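Asker: structure, please.
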Amino acid sequence: MEIERSNQIEASARELLIQRGVTIDDIADLVYFLQVKYHPDLTKEVCKDNIERVLSKREVQNAILTGIQLDILAEKGLLEEPLLSTITEDEGLYGVDEILALSIVNVYGSIGFTNYGYIDKEKPGILKDLNDKSSGKCHTFLDDIVGAIAAAASSRLAHRFANTE
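Answerer: So this is what the prediction gives:
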């Protein structure tokens, strides 16, 4: 019964990412961006493998489900003010989205924090698209979640490379 529920949670989290326009390839591009200068022979397949391992963690799945649901509720206008405007506008002083993302980063240690901060500031690839407010979509939580998944996968990858060198 518990295995079935775990599988359902993971499948739901992965499906929500896809529904919101984020693929494993998009996240792999971010991991590659973060790690290629340290590992010149890095392949997208290695990046994807590390992402898959991150996505298999329940803490990560819970963060995905929670954050995306909040984005969807805000997009539909189903939250009360002032929270609705705060989330739809991705207000600068609202840090709950980053706090949720840090729960993902924390799974793989402190190197993930620096990776997350860097990628959150640079906004490469899919992160730039998710931050584009002209789409009419609310991705206040999703952009941070995707950046955190990439940062965690990068951290995992860095730890694995350090153990083999």
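
Asker: next, count neighbours for residue 55.
Answerer: As a burial measure, residue 55 scores 20 neighbours (other Cβ atoms under 10 Å). Every residue, glycine included, has its C-beta placed from N, CA and C.

Asker: ah, wrong one, I meant residue 134
Answerer: For residue 134, using other Cβ under 10 Å, the count is 5.

Asker: checking it next. Helix, strand or coil?
Answerer: Secondary structure, DSSP: H, G, I helix; E, B strand; the rest coil: residue 134 is helix.

Asker: could you check the pLDDT of it?
Answerer: Model confidence at residue 134, given as pLDDT, is 87.

Asker: could you say which helix or strand holds residue 81?
Answerer: Taking DSSP states H and E as the definition, one finds residue 81 inside no helix or strand.

Asker: gap between it and residue 21?
Answerer: Distance of residue 81 to residue 21, given as Cβ to Cβ, to the nearest Å: 27 Å.

Asker: host element of the spatially most central residue of the chain?
Answerer: Geometric centre of the chain, nearest residue: residue 146, 2.1 Å, by Cα atoms, centre = their mean. Residue 146 is part of helix 140-164, with elements assigned from DSSP H and E.

Asker: does anything pack onto that helix? Which helices or strands?
Answerer: helix 24-35, helix 44-55, helix 58-75, helix 83-88, helix 96-105, helix 111-122, helix 126-130 (3 or more Cβ pairs under 8 Å, 6 or more residues apart in numbering; DSSP states H and E).

Asker: check contacts around the residue nearest to the centre of the chain.
Answerer: Residue 146 is in contact with 17, 22, 26-27, 30, 126-127, 130, counting by Cβ atoms under 8 Å, 6 or more residues apart in numbering.

Asker: same question, residue 30
Answerer: So residue 30 contacts 119, 124-127, 146-147, 150 (Cβ under 8 Å, 6+ apart).

Asker: redo the residues you listed as CSV? Include distance to residue 95 and pLDDT.
Answerer: Formatted as CSV, these follow (distance: Cβ to Cβ, whole Å; pLDDT from 0 to 100):
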residue, distance to residue 95, pLDDT
119, 17, 96
124, 22, 97
125, 23, 97
126, 22, 98
127, 17, 97
146, 17, 98
147, 14, 98
150, 19, 98
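
Asker: could you flag which of these are buried?
Answerer: Buried members of the contacts of residue 30, scored by 16 or more other Cβ atoms under 10 Å, are 119, 125-127, 146-147, 150.
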